[in-house]
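Colleague: take a look and give me a structure for this.
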Amino acid sequence: MKQWIKWVLAIVAAVIPLVLFTSILSLFGAGDGELKGLTSSEAFSPAILKPFPSARLGIVTLEYGWWVFAHVLICMTVAAYFATLLVGHTKRASREVLPRLATVVAIIVGTVGVLAYMVLTPDRTGDTIDAAFAYLVMTPFYNFLTAAGLADQFTGQDGDPWLYLSLGTLGPTSFGILCVTLASANFHHDVQSRRAFGTEGWEQDYAACLRSLKTYAAVLSLILVSSTLTARAYFHIVPKMLAVPAKDAPDPGIYKIYSDFAGEISTASGLMFTMTLIATFAPGLIVLLRDISGAVRESGQEGRQSLMEQLGLTDIRTNLSTILRIGLTVASPALASPIAEVFQSL
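Modeller: Numbers count the residues shown, from 1 in each chain. I've put the predicted structure just below:
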């Protein structure tokens, strides 16, 4: 039971950065008077819209739809890979598969439920803490559609576009959470299933855990880069619908304000996804580092070289290459949005 609780807590740690990110946005966004004026429907006059706003809405919505489609396709492939691994690992360890999968599903549903509450809240004024996340992320697009008279075209029927915007936000996020929790579940299952430190063959299990860590981190980094770029596409919908002000205009206007905000929140999302990647594997990695540090102390100078050879940690050049790859893997989600900004400006 103790091992089970540790496994569950390790998985929960993976979604903490996302919960903190949304909570901090809500805390600091609630009741911001300037933001209210910027996101209100009165801020969107016909003069600041690009020509043919209806056609433009179709273009940017289709563009975001392609990002979502690609992201979901990648997530489904990776989730199937991780789920298959988890079932295989659990069976080989002679443990019941259903409770493990049910635990992962419960964590996913719980996290998505918290986000859904923050997004689907009926209070769209941003006055309350729980409404502030939706207010920051969704209200600008919602008020833009309302002021421009494009709400019916966006939904394809008479109705409130809020639900569609909610699904457009929650859908890609839910698939990302699915992959993160499955990756964490697999890695920490590997860590818990290794032979105890000091017993025969523990070195092979330790090396296998390191190989799993590199593989899982690389695969999950791809998912989180996709998450960053998909979030960036969503945040840039409103700027793409607004006319670019003249270069010699004394006031950069609402376009620049929204463009800067979209860039900043996209970069912040990338940093959050990098922290998610670290949090996904940190608990198990700490346990492995504790084992190796203990082994090095006990082996002495003579046995240290042999131990390093068994763990595959002897070649300095290989180690440096591995460290660089891991560093790039971890930093990729944070770098994705700034690099995309550079390419867009070319």
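
Colleague: what does the pLDDT read for Ala131?
Modeller: pLDDT for Ala131: 56.

Colleague: low-confidence ranges in the chain?
Modeller: Under the criterion pLDDT under 70, the flagged ranges of the chain are 1, 26, 28-47, 92-97, 121-136, 155-159, 197-198, 244-253, 294-320, 346.

Colleague: helices of that one, residue ranges please.
Modeller: 2-29, 33-39, 53-92, 97-120, 129-137, 139-148, 151-155, 162-193, 202-235, 237-241, 253-311, 316-345 (DSSP state H).

Colleague: any chance of these in a markdown table, with mean neighbour count too?
Modeller: C-beta here means a position set from N, CA and C on the backbone, and glycine is covered the same way. A markdown table is the format used below for those (neighbours: other CB atoms under 10 Å):
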| stretch | mean neighbour count |
| --- | --- |
| helix 2-29 | 17 |
| helix 33-39 | 14 |
| helix 53-92 | 16 |
| helix 97-120 | 16 |
| helix 129-137 | 22 |
| helix 139-148 | 21 |
| helix 151-155 | 17 |
| helix 162-193 | 22 |
| helix 202-235 | 20 |
| helix 237-241 | 21 |
| helix 253-311 | 17 |
| helix 316-345 | 14 |
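
Colleague: which ones are touching the spatially most central residue of the chain?
Modeller: The chain has Phe273 as the residue nearest its centroid, 4.3 Å off, counting by CA atoms, centre = their mean. With contact set as CB atoms under 8 Å, 6 or more residues apart in numbering, Phe273 has these partners: Pro17, Leu224, Val225, Ser227, Thr228, Pro333, Ala334.

Colleague: who are the neighbours in contact with the residue nearest to Ile74 when sequence neighbours are not counted?
Modeller: Leaving aside its sequence neighbours, Ile74 sits nearest to Ser226 (CB to CB, 6 or more residues apart in numbering; 5.4 Å). Residues near Ser226 by CB under 8 Å, 6+ apart: Ala70, His71, Ile74, Cys75, Gly176.

Colleague: what about the closest residue to Leu285 other than its chain neighbours, distance to Leu27?
Modeller: Ranked by CB to CB, 6+ apart and with sequence neighbours excluded, the top spatial neighbour of Leu285 is Leu213, at 6.8 Å. Using CB to CB, to the nearest Å, Leu213 is found at 34 Å from Leu27.

Colleague: before we move on, what about Leu229?
Modeller: 26 Å.

Colleague: ditto for Ile48
Modeller: Taking CB to CB, one finds Ile48 at 30 Å from Leu27.

Colleague: just Ala14 next, same as before
Modeller: 22 Å.

Colleague: same check on Arg325?
Modeller: 36 Å.

Colleague: and what of Pro53?
Modeller: 34 Å.

Colleague: and if you look at Thr103?
Modeller: Per CB to CB, Thr103 is found 30 Å from Leu27.

Colleague: same question for Lys214.
Modeller: From Lys214 to Leu27 the distance is 36 Å (CB to CB).

Colleague: got the contact list for the closest residue to Met275 other than its chain neighbours?
Modeller: Leaving aside its chain neighbours, Met275 sits nearest to Pro17 (4.1 Å; criterion: CB to CB, 6+ apart). Neighbour list for Pro17: Met272, Phe273, Met275, Thr276, Ala279 [criterion: CB under 8 Å, 6+ apart].

Colleague: just the closest of those to Val60, please.
Modeller: Phe273 (22.9 Å; CB to CB).

Colleague: so who does the nearest residue to Leu182 once chain neighbours are set aside touch?
Modeller: Spatial nearest neighbour of Leu182, excluding adjacent residues (CB to CB, 6+ apart): Phe82 at 3.6 Å. Counting by CB under 8 Å, 6+ apart, Phe82 touches Cys179, Leu182, Ala183, Ala185, Asn186, Tyr216, Val219.

Colleague: ok, 6 Å please
Modeller: Leu182, Ala183, Asn186 (CB atoms under 6 Å, 6 or more residues apart in numbering).

Colleague: can you check Gln192 too?
Modeller: So Gln192 contacts Gln3 (CB under 6 Å, 6+ apart).

Colleague: switch to 10 Å and redo it
Modeller: Taking CB atoms under 10 Å, 6 or more residues apart in numbering as the criterion, Gln192 is in contact with Gln3, Trp4, Lys6, Trp7, Ala10, His89, Ala93, Gly284, Val287.

Colleague: let's have those residues in CSV, adding distance to Ile59.
Modeller: Shown next, in CSV, are the contacts of Gln192 (distance: CB to CB, whole Å):
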residue, distance to Ile59
Gln3, 52
Trp4, 50
Lys6, 49
Trp7, 46
Ala10, 43
His89, 45
Ala93, 51
Gly284, 45
Val287, 50
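
Colleague: ok, those vs Leu57, which is closest?
Modeller: Ala10 (43.5 Å).

Colleague: for Asp190, see how far away that closest one is.
Modeller: 11 Å.

Colleague: which residues do those two both contact?
Modeller: Gly284.

Colleague: how close does Gln192 sit to Leu285?
Modeller: Counting by CB to CB, the gap from Gln192 to Leu285 is 13 Å.

Colleague: Tyr206 too?
Modeller: 12 Å.

Colleague: quick one: common contacting residues for the two?
Modeller: Going by CB under 10 Å, 6+ apart, residues that sit against Tyr206 and also against Leu285 are Val191.

Colleague: about what we covered before: is it possible to get CSV of the contacts of Phe82 that adds distance to Ile59?
Modeller: As requested, the contacts of Phe82 are exported to CSV (distance: CB to CB, whole Å):
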residue, distance to Ile59
Leu182, 35
Ala183, 35
Asn186, 40
